[in-house]
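Visitor: Fold the following and give me the result.
(2 chains)
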Amino acid sequence: DAKTTQPTSMDCAEGRAANLPCNHSTISGNEYVYWYRQIHSQGPQYIIHGLKNNETNEMASLIITEDRKSSTLILPHATLRDTAVYYCIVRLPRGSSNTGKLIFGQGTTLQVKP
Amino acid sequence: DSGVTQTPKHLITATGQRVTLRCSPRSGDLSVYWYQQSLDQGLQFLIQYYNGEERAKGNILERFSAQQFPDLHSELNLSSLELGDSALYFCARRSVKKTWVPTGETVLTQYFGPGTRLTVL
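Guide: This next block holds a predicted model:
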């Protein structure tokens, strides 16, 4: 699985958009970008994933650059409850060489401030 | 609701002891993953079971073992405990969501339980 690079920490004002970047310059053509977050000591929570196109769900939007070497997770209106560690993970889809395990990096600690 | 139940929530024990952590995924989920999160190592994959069989191994110590039962619940057994085994232990189930992509591949999403906090004194 491709390695990802994320800033260690970020701050965001409550009510504003939080934009969390992730670099994955060695991503291969069929690897997906996944985002999970972990609110203090809780189990990681799935947010969103994408391959090439931008994706949006009820939690967030995912913007993937055309060359797929980087992506940005957008929380459109951050709240205090969005304070968490956000993990960007790049991995292959299901196949004989991929059992589905997740490789977590250090993630970005997002602090939403009032 | 992640669809994963883990018991106990907290466990305090002494060095040298043995403990068993339990994970119950939602009915029908065949895959179970175990992860360890310690302060110095972060979140690390330990082991995966699929329909009762071990499917993948990560950074799991030989003192640790796991199994998945016919009803698909799983147990993680930790023995000869050391202070460094103090950590959060998470179990995750896998939901296979079919997403159309040109290659027709299947996208995997994992849902994590609330974890068991193990403290070794």
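Visitor: and after the helix or strand of chain B with the lowest mean pLDDT, which helix or strand comes next?
Guide: Across the helices and strands of chain B, mean confidence by mean pLDDT, DSSP states H and E is lowest for strand B:107-112: a mean of 81. For strand B:107-112, the succeeding helix or strand toward the C-terminus, using DSSP states H and E, is strand B:116-120.
Visitor: what's across from whatever residue of chain B ends up closest to chain A in the sheet?
Guide: Closest to chain A within chain B is residue B:112: 3.2 Å, counting by C-beta to the nearest C-beta. From N, CA and C alone the C-beta is placed, and that goes for glycine too. Going by DSSP bridges, residue B:112 is paired in beta bridges with residue B:92.
Visitor: Could you verify my assumption that it touches residue B:1?
Guide: No - counting by C-beta atoms under 8 Å, residue B:112 sits too far from residue B:1 to count as a contact (11.6 Å).
Visitor: So these two - more neighbours on which side?
Guide: residue B:112 (24 against 6; other C-beta atoms under 10 Å in any protein chain shown).
Visitor: separation between that one and residue A:105?
Guide: Residue B:112 sits 16 Å away from residue A:105, going by C-beta to C-beta, to the nearest Å.
Visitor: need the contact list for the residue lying closest to residue B:86 once chain neighbours are set aside.
Guide: Leaving aside its sequence neighbours, residue B:86 sits nearest to residue B:120 (C-beta to C-beta, 6 or more residues apart in numbering or on different chains; 4.8 Å). Residues in contact with residue B:120, defined by C-beta atoms under 8 Å, 6 or more residues apart in numbering or on different chains, are B:13-15, B:17, B:81-86.
Visitor: same deal with residue B:94?
Guide: Applying C-beta under 8 Å, 6+ apart to residue B:94 gives the contacts A:100, B:29-31, B:33, B:108-111.
Visitor: Skipping adjacent residues, who's closest to it in space?
Guide: Computed as C-beta to C-beta, 6+ apart, the closest residue to residue B:94 that is not its neighbour in sequence is residue B:31, at 4.0 Å.
Visitor: Across the sheet, point out what pairs with that neighbour.
Guide: Beta-bridge partners, per DSSP bridges, of residue B:31: residue B:50.
Visitor: is it true that it touches residue B:55?
Guide: Yes - contact status for residue B:31 versus residue B:55: in contact at 7.4 Å, counting by C-beta under 8 Å.
Visitor: Quickly list what's touching both of the two.
Guide: Residues touching both residue B:31 and residue B:55 (C-beta under 8 Å, 6+ apart): B:48-49.
Visitor: Neighbour count for these two, which is higher?
Guide: Between residue B:31 and residue B:55, residue B:31 has the larger neighbour count (other C-beta under 10 Å), namely 23 against 17.
Visitor: contacting residues around the residue nearest in space to the middle of chain B?
Guide: Most central in chain B under C-alpha atoms, centre = their mean is residue B:34, positioned 1.9 Å from the mean C-alpha point. Residue B:34 is in contact with B:23, B:45-48, B:60, B:66, B:74, B:76, B:89-92, counting by C-beta under 8 Å, 6+ apart.
Visitor: Now for residue 113: which residues touch it?
Guide: By default, I'm working from chain A. A:11-14.
Visitor: that's the other chain; I wanted chain B
Guide: Counted by C-beta under 8 Å, 6+ apart, residue B:113 has contacts A:43, B:2, B:4-6, B:23, B:90-92.
Visitor: Next one: the spatially closest residue to it that is not a sequence neighbour from residue B:116, what distance?
Guide: Spatial nearest neighbour of residue B:113, excluding adjacent residues (C-beta to C-beta, 6+ apart): residue B:4 at 3.5 Å. Separation of residue B:4 from residue B:116 (C-beta to C-beta) stands at 12 Å.
Visitor: Please consider this matter closed, and thank you.
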